[in-house]
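Chemist: Pasting the sequence and the predicted coordinates here, then a few questions.
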Amino acid sequence: FSAGPTNPPLGPELVTNGTFDTNVSGWTAGGGASAVRDTAIFAGGGMLVTANGGNSSFATQTISGLTAGFRYVLSASVYTPSTNATNNRAIIGIQASAFTSSGSVAQSALNTIQKISIYFVAAGASQSIYMTVGTSDFAAWGTAGSVGYFDNISVKEFLDSSLAPDKMTVFAGVTKSAAG
């Protein structure tokens, strides 16, 4: 993993309700997943996503105000409990044509809050981001009952592209970071 720039200048926040102070408004659960506000891990509130074991269990939000060809960073604080089914992790991603490692990043540690990020080049004026539970090798969606906790979800533009990671592609951030 590449840590990317330490303190690059970033634009305004583009995510609506990424801190879940009172609810999960602005987020849509899909694929039979549940997405609810929870304070078990993040005291000020976070979003708990529970997989249903079927295809594409996730919580999503469409981010608008993007500029095609500009560089952005999606980041979140995540927590995966060791009680999940083997290899089921909290995952953040940019909606692309498929659930793959090129557009997603999974938490690498269990039972700890970890900040993870993915860098991407916008394909258009809006794109969807998602929070899900799946296998860390991205081979399958989460087993029924596996959970992921998410907070401080953010999408911001790199204002100085010379400081942005240089390995970026449309839809998919191939440069990822996982800082504990």
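Modeler: Received the coordinates, thanks.

Chemist: Any regions of this structure where pLDDT drops low?
Modeler: 1-6, 96-102, 161-180 (pLDDT under 70).

Chemist: check which helix or strand covers the residue most central in space within the chain.
Modeler: The centroid of the chain falls nearest to I92 when counting by Cα atoms, centre = their mean (2.3 Å). According to DSSP states H and E, I92 maps onto strand 88-94.

Chemist: which element follows that strand toward the C-terminus?
Modeler: Following strand 88-94 in sequence, per DSSP H and E, is strand 104-106.

Chemist: packing partners for that next one?
Modeler: Counting contacts by 3 or more Cβ pairs under 8 Å, 6 or more residues apart in numbering; DSSP states H and E, strand 104-106 packs against strand 88-94, strand 114-121, strand 176-179. Any C-beta I mention is one placed from the backbone N, CA and C, and that applies to glycine too.

Chemist: Of all these, which one comes closest to V49?
Modeler: Closest to V49 of those, according to Cβ to Cβ: strand 88-94, at 7.8 Å.

Chemist: Pairing partners for the strand holding I92, with directions?
Modeler: Strand 88-94 has the following strand partners under DSSP bridges: strand 104-106 (antiparallel), strand 126-135 (antiparallel).

Chemist: Could you point out which of those strands sits nearest S154?
Modeler: Short answer: strand 126-135, nearest of the strands paired with strand 88-94 by Cβ to Cβ, at 9.8 Å.

Chemist: The closest one to strand 114-121, inter-axis angle?
Modeler: 140 degrees (axes from the mean of the first three to the mean of the last three Cα atoms, to 10 degrees).

Chemist: Around G53, how many other residues sit close by?
Modeler: Counted with other Cβ atoms under 10 Å, the burial measure for G53 works out to 16 neighbours.

Chemist: need the contact list for it.
Modeler: Counting by Cβ atoms under 8 Å, 6 or more residues apart in numbering, G53 touches W141, G142, T143, A144, G145.
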